[in-house]
Every structure is written in C-alpha cells, then in structure tokens.
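> Give me coordinates for this.
(chains A and B)
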Amino acid sequence: MSRVVVAGSKSVISPVVEKLHELRLLHIVNYNGSQPQFELGKPIGKAKEYSEDLIKLRSITRYLDLKNKAPDKTYPESQVLSEMDNLLNNIGADVTATFERITAIEAEVKSKQDQIKALTPLAVLPLPLDAYYGYESLATFVGTAKTPVDADVAKVSPVNEIYSGSAKNATFVAVFVPADKAGEVSSVLSEHGFSELSVPKLEGNVDAAIATLEGSIKSLEGERAPLQKKLADIKKQYEDLMLATDEFLSMETRKTEAPLRFAETDNAFVIDGYVPADQFSRLKSELESASGGKIEVSLIADKEADDLVEKGEDVPSQMDNPSLVKPYELITRLFAIPEYKEFDPSLLIFVFFPIMFGMILGDIGYGVMTLLVLMMLKKKFRTPGWQQLINVVMVGGVWAIIFGVFFGEIFGPLGLWGRIMGQLSEHEIELAKEAGLYFGEGVFGSLGRLGPLGIFPLDRLATNAVLLLIGTSIFIGVIHCSVGSILGIKTELNYGEKKHAYFERLPVMLFQVFFCLALLGLIMGQSILTYLGIIVVVVSIVMLVMGPEGAMGLAHVPSYVSNLISYLRLLAIGLASVGLAYAANQLAFYVIMPMLSGGATNSAEFTIPAIIAGIMILVVVHFINFLLGILSPFMHPLRLHYVEMFTKFYSAHGGGVEYSPFGHVRRFLKA
Amino acid sequence: MAVVADAGVLYGLLAVGAGLATGLAGIGAGVGEQGIGAAVVGVVAEEPGFLGKGLFLMLLPETLIIFGLAVSLILMFAWTPFAGIVTP
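Residues are numbered from 1 along each chain as shown, chains lettered A, B, ... in the order given. As a prediction, the model looks like this:
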C-alpha cells in the first residue's frame, strides 16, 4: 500500500469523485478536522435530493417487504433514472395508499373481533343490547360475579333490576340501580368479586349483533385479499427495478457526500488515502486526465508515512489469495483482519482446516451426506458469506471421505458392515491381537489389509488404533504450532522486534518440538533422543527467561504443553462420533432386530416389522450423529486455529483495517 | 504386605476412574464456558464483529475436558503398570 495525497481545485471536485468511484482504488482516510487551515468538505450536487428519494424508496420497499436477494435482472443507469420518478411517485403513492388501507382494514377487523369477544358472554343475559346504555337516572353494572349478588344489592338499593345467567364456569350479572346508589352498590358488588365487562354500544339482540359483526369482518377480509394480491403483484413486477434504484441512489448519495471525508479550503480540496503500490501510476494518470490536469496526485515518502502510522493511522490491508483459498478468508476475517505487515493466515487454514475436519469426521457415509446436503444448501443460500462457508465445509467433506477410506467407516466402523467389504477370519484376528498389531477386523475387499503392519482399514475404536491416533494428533499439533511459531518469528522481524522474535517466539517452538521428541524417545526406548530433547527443552526455557518477559515467561510453559495436548481433540471428537455410530449399528442389528424377530440370530430370519424398527433406529441415531458430526468437526479445528495457532503469530498488535476502496460493486446496475 | 488384586475388579476400577476423569473435566469445562458464553452472546448482540474473538474466548476452557480425556486414555490404554493387568 502507498500513502497518497490528492489535492486539486474545487472546480474539478465532481469529476474527480466520479472517477475515484469508478476506479475503486483509493482507500480514503477520513479527515478529522484537526488542522485549522482546512475545514471539513461539504456535500456536492444533489445530495439532499438523493437522500430524500432514498428515504422515500426505502419506505416503499419496507411496505412491500422487499429483501435483498441475488439479482435476476440488471438495469442500465439511464433506465433507472427515467423510471425513478414514476416508481417513487406514482407506484410509490399507490403502494403507500394500498398499504395504509390494508393496515386500516386490519385495525377494523381487530376492533370488531374484540367486540365479538365482549358480546359473546352477554348472550346468557335476556336483554337486548340497547338496554345496557343511554340512561340518565340509572347506573348500570355488567360483569362477572363470584357469588349471587341479588340479596346484598337489595339491602343498599331496594329499587333494582338484576339479571343473571351463567356460562363457562362464570356467573354474568347485569345490575341496574338508581344513579344515586351507584357508589354503595359498587362497593357491595366488589365484595362479591365483581369484575366489570365493557359493553359495545350496539343495538338489537346479542346473537344478531354478533352475526352482523362477523358478516362485516368477512367483507373486510374480502376487501383485503385483492389489496394484498396487488402489493404482491407490484413487488413481483418491480422488485429488481426497486433494488436497482436503491443501489443507484445509495451510490449517488455516497458520491455526493464523499467530500465530507475530504479536507477543504475556499478554493481547493485535499484527499488522504491509500492505494495498492502497483496501482499508483494508474490512479495518477486517470485522475489527471479526468480533471484536465487541475490536480496534484503525490506519493508520501515512506518515512513520513511511517510517522503517520506512529500517530495512529491504520494502513489498510487487502487479503490477496488465489480463488481456491478465498473462502477461507471468512475464517480469518471472523477472528481479525490481518495487519498490513502481518502474515495472512488464510493459506494455512486452507491447508490444515479441511484435513482436521476430515480426520475428525472420517466416515465415507457421513462425508457423502455432508456433500449432498451442502450442495442443496448452496442453491438455497446464495449470499457470498454463506457460499464461502459452504465451500469451506465441502472441502472438509471430501477429506472426510478420504479419511473414511483409511478408517474403513461407512456410517460406523466397517467391522459391522463387514458384509460389504469382508473381514478377517477369527484365527487371523487372534493372531493379530497376540502380536499386538490389532488395528481392526475389516478388510478392503479382495485387497485385504493395507499399509505398514496392515494398519488400514483402521478401526478407530481398537486400542492400538487409539494409541496410533494419539501420536498422529500430537504430531499434527507439533507441525501446526511450529508453523505458527515460525510465522511469529517472521512477523516480529517484520516489525523489527528482534528480541521478541528470538527470545519469545523461537523458544516456544524449540520447547514444543523437543518436548515431543523427548516423549517419543521415552516411548521408543531411545534414551539418546530423550536426553537430547530434555537438553533443548531446558535451553529453550533459559532462553525464555532471558527474553523480554524475564522470569514471568516461565508462567507460559504449562500452556505450551497444554497447547499440544489440546490437539488430542482431533482423536477425541472423532472417537465420540464413531462410538455413537457403532452404538447405533449394534442397537439396530444386534438388539432391536433379533429381539423383535423372536430371538433370530441370522439376518435372513428377521421379520419385516423388526427390519423397519431397526432402520428407524438407524436413521434417527445416525441423523443426530450427522448433525453433531458437521458441527463439532467445524468448531474444534476452528478453535485449534484460533487458540493454538493464531496466538503464536497473529494479531499480537491488534486487528488491522480492511482495504475498502471508495467505489461500488454493481449488482443490479449495468456497468 | 501382599496385595492380591482381582484383575476384573482392577479393570472395573480403572474404567470408573477413567469415566470420572472425563466426566468431571466435562462438568468443569461446562461451568467455565457457561459464564463466558453468556457474556459473549451479550457482546455479540451489541457488536457482531466480536463473534470471532468471542468464539475464541468461549472455546478456551474446552481444553480442560481434553485433559480429562487424556487422563482417561492413559488409564485405559497407555499406563504400562495397568495395561499389563488389563485383560479381563
């Protein structure tokens, strides 16, 4: 990235902004108004008009419930411009009126429904509705009471008229008394647990009133349906055009408001920014030709630029990876944008992440299922973020199939599915067990068992296989962490921190590698290896103490060991999923099916209901296992990257700022 | 003092110990993650950009359960003094 300054006469500010927007090269550094001789720029052109139009459009799209989507059709700017007036005023007014009418209808329906609700209990009282209101000398109480009220009301007001009836476990009463007794009667009623109901001011008998209300609700709903259809039609017809107009207006607003980010004097403007180093000459020549030479585009010297960085200016960084690696930037971005001088770890994630995913899932059946499900999802979720995520997991799915072949698993260990691929004879299994070389009983069909010592297909649940995988996991961990440490050294050197590089990052790597070598020596009985390992481990600890943190550095030593142990999850999560798959198969084939077939042991004797029940068990348990099987192989390698690897080199200086050049990627608009 | 050990009983005790190691470590990791998870959800609701760092913090205590599992594996498979007896 090169730090550039663009300065020019105010008379050419519009063509310059237009050109910058078109080029999408300059990452603008906002002017913060700190220098007295410059002030913040003011919007140019029709900024106010555009933003008003945008607000109008947004309210229309909200009424239509328009969501952002992948474009089906693109429009040239001229068409958007010519149709904008019609869209915003005629169609907009139509949409607004229709939407308001629908809202009004809905409110009316709601109030009528409330009235029906209030009327329904009154049906038990033998009074027409107009009898409840319109009195001057009478007080009316209508509601529910817990106990009979007649006697007590008569005590305080001998002149009264009381009606009661019961429905749905409640007693409804209507009490009419002279108005001057209202206070006393009210307190008497409250002793009886009276709670008042509001009576709608309607006429005639209750049932007839309810029928009328229902009738009018029906007709209102009849009116609403075509209006809703009208909105849906408008949405269908203008969806893409509206989104294109939205895009056009936001683009124009951004252009007209761009000078707010510039510094200005009475006659000139100054733009600060960053541009990729190799693009500087193009930026310069394009801007100069656009402004007719009334502009100065100059590069700031490295030393001066460094001073600006010291003062807290962030150099933007752009992740630049081959298209294969691109999806993995998602994972990097989720953690932090790399700083300008930092290594972009996307490539490493691309290498390690899918392998780890595959090693954990490691099952042909689940791998194929993953791919199928993701292919379906890929058609459904078409936003770039989802597409990237799906691509990441898909590559993992392919690795899961590859590891599935090594592990001999198709929906569980092949041992149970031996009918498909065949298995070793009892005798050979016994021999292997005696020799301590038992890695499972499955075979690759006529190929038999492959690999050194006949390791593959590996039954992950066999003791020897567990030990082998422990070793493999730790081995992957050492490599993974070492790569992290090497990058840590490189990053520190980039920042010119030699002491941090050689006495903080390097010892970590030495410690982890030789700690594992010492352990390997112990296991293999090679005492030379053990002693060598121990010596280097001690040396690395001494180096740590000599480093920038001093003796405090020792506090980190346990975490270096735990970092490595953490890689055991590659084995552990996998074991859990194999275990569940194995349990499902055992349950179906050796428990449920024989049990429901009256104790049959031969698969040919299984009854049909038994087979159906068994298959249901298989489907349910494998489905649950499959869901977990996508989630945890994703989360755990993610953690291994974020916690174990990134901490060694990444983001030690705080996250960076992503290079986002001024400009716009057109989606609904034709270029 | 001579210790007469029944191999079956010893194997059973080993299995119980291994189970406790993983299980208790799991509870510990869960308790640790509970508070972090709640806090992270709160922060992410305010500022979605924190999701990655939040995940990072949330996954930190996960190592605990792996420690438990490592102990279990050692008990069941790898510790030679025991591995010798482990043939029920």
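> ok, and does the biggest helix by length in chain B reach over to chain A?
Taking DSSP state H as the criterion, chain B has its longest helix at helix B:7-46. No. Helix B:7-46 stays clear of chain A (C-beta under 8 Å from any C-beta of the partner chain), getting no nearer than 9.1 Å. C-beta: built from backbone N, CA, C; applies to glycine.
> chain center to that helix, what's the gap?
Remark: helix B:7-46 is offset 5 Å from the chain centroid, using C-alpha atoms, centre = their mean, to the nearest Å.
> Tell me how many other residues surround the residue in the stretch 401-550 of chain A that chain B sits nearest to.
Residue of the stretch 401-550 of chain A nearest chain B, by C-beta to the nearest C-beta: residue A:463 (5.4 Å). Burial of residue A:463 is recorded as 18 neighbouring residues (other C-beta atoms under 10 Å in any protein chain shown).
> Next, give phi and psi for it.
Phi and psi for residue A:463, reported as degrees, to the nearest 10, are phi -50, psi -50.
> Can you pull out the low-pLDDT segments for chain B?
Applying pLDDT under 70 to chain B flags residues B:1-5, B:78-88.
> let's see 90
Along chain B, segments meeting pLDDT under 90 span B:1-15, B:32, B:44, B:47-88.
> residues in the stretch 201-350 of chain A within reach of chain B, list them.
With C-beta under 8 Å from any C-beta as the criterion, the stretch 201-350 of chain A comes near chain B at residues A:333, A:334, A:335, A:336.
> The same query, at a cut-off of 6 Å, please.
A:334, A:335 (C-beta under 6 Å from any C-beta of the partner chain).
> and the closest residue to chain B within the stretch 201-350 of chain A, helix, strand or coil?
Residue of the stretch 201-350 of chain A nearest chain B, by C-beta to the nearest C-beta: residue A:334 (3.6 Å). Following DSSP: H, G, I helix; E, B strand; the rest coil, residue A:334 is assigned to helix.
> Do I have it right that it meets residue B:54?
No. Taking contacts as C-beta atoms under 6 Å, residue A:334 lies outside contact range of residue B:54: 9.8 Å.
> the strands in chain A, which residues?
Remark: strands assigned in chain A by DSSP state E are A:2-9, A:27-29, A:39-40, A:138-145, A:161-167, A:170-178, A:195-196, A:263-264, A:268-275, A:295-299, A:316-317, A:657-658.
> Dump those strands into TSV; add mean pLDDT as well.
Converted to TSV, those look like this (pLDDT from 0 to 100):
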stretch	mean pLDDT
strand A:2-9	89
strand A:27-29	90
strand A:39-40	86
strand A:138-145	85
strand A:161-167	81
strand A:170-178	84
strand A:195-196	84
strand A:263-264	90
strand A:268-275	90
strand A:295-299	89
strand A:316-317	87
strand A:657-658	85
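> how about those in CSV, adding mean neighbour count and distance to residue A:355?
Shown next, in CSV, are these (neighbours: other C-beta atoms under 10 Å in any protein chain shown; distance: least, C-beta to C-beta, whole Å):
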stretch, mean neighbour count, distance to residue A:355
strand A:2-9, 19, 38
strand A:27-29, 20, 35
strand A:39-40, 14, 52
strand A:138-145, 19, 71
strand A:161-167, 14, 71
strand A:170-178, 20, 69
strand A:195-196, 12, 70
strand A:263-264, 20, 51
strand A:268-275, 22, 36
strand A:295-299, 18, 43
strand A:316-317, 22, 27
strand A:657-658, 15, 28
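> List the contacts of residue A:548.
Counting by C-beta atoms under 6 Å, 6 or more residues apart in numbering or on different chains, residue A:548 touches A:499, A:500, A:504.
> can I get those residues in JSON lines with distance to chain B?
Shown next, in JSON lines, are the contacts of residue A:548 (distance: C-beta to the nearest C-beta, whole Å):
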{"residue": "A:499", "distance to chain B": "27"}
{"residue": "A:500", "distance to chain B": "22"}
{"residue": "A:504", "distance to chain B": "20"}
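> Spell out, range by range, the helices that occur in the stretch 451-600 of chain A.
A:463-494, A:498-500, A:506-524, A:527-546, A:557-565, A:569-586, A:593-596 (DSSP state H, counting those that start in this stretch).
> And the stretch 1-150 of chain A, by the same measure?
Remark: helices assigned in the stretch 1-150 of chain A by DSSP H, counting those that start in this stretch are A:13-23, A:47-63, A:77-85, A:92-119, A:150-156.
> Nearest to residue B:39, out of those helices?
Closest approach to residue B:39 among the helices of the stretch 1-150 of chain A is made by helix A:47-63 (33.9 Å; C-beta to C-beta).
> And the contacts of that closest one?
With C-beta under 6 Å, 6+ apart, helix A:47-63 has contacts from A:88, A:92, A:95, A:99, A:242, A:245, A:246, A:249, A:252, A:253, A:256, A:257.
> Likewise for stretch A:413-429?
So stretch A:413-429 is in contact with A:408, A:410, A:441, A:442, A:443, A:445, A:457, A:459, A:582, A:585, going by C-beta under 6 Å, 6+ apart.
> Contacts only, for the closest residue to the residue of the stretch 401-550 of chain A closest to chain B other than its chain neighbours.
Leaving aside its chain neighbours, residue A:463 sits nearest to residue B:77 (5.4 Å; criterion: C-beta to C-beta, 6 or more residues apart in numbering or on different chains). Contacts for residue B:77 (C-beta under 6 Å, 6+ apart) come out as A:463, A:466, A:467.
> Format these as a markdown table; extra columns: pLDDT.
Putting the contacts of residue B:77 into a markdown table (pLDDT from 0 to 100) gives the following:
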| residue | pLDDT |
| --- | --- |
| A:463 | 81 |
| A:466 | 87 |
| A:467 | 85 |
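> Tell me the bridge partners for the spatially closest residue to residue A:304 that is not a sequence neighbour.
Residue nearest to residue A:304 in three dimensions, not counting chain neighbours: residue A:3, with 7.8 Å by C-beta to C-beta, 6+ apart. Beta bridges link residue A:3 to residue A:274 when assigned by DSSP bridges.
> Verify the stated contact: residue A:3 with residue A:305.
Yes. If you go by C-beta under 6 Å, residue A:3 and residue A:305 touch, sitting 4.1 Å apart.
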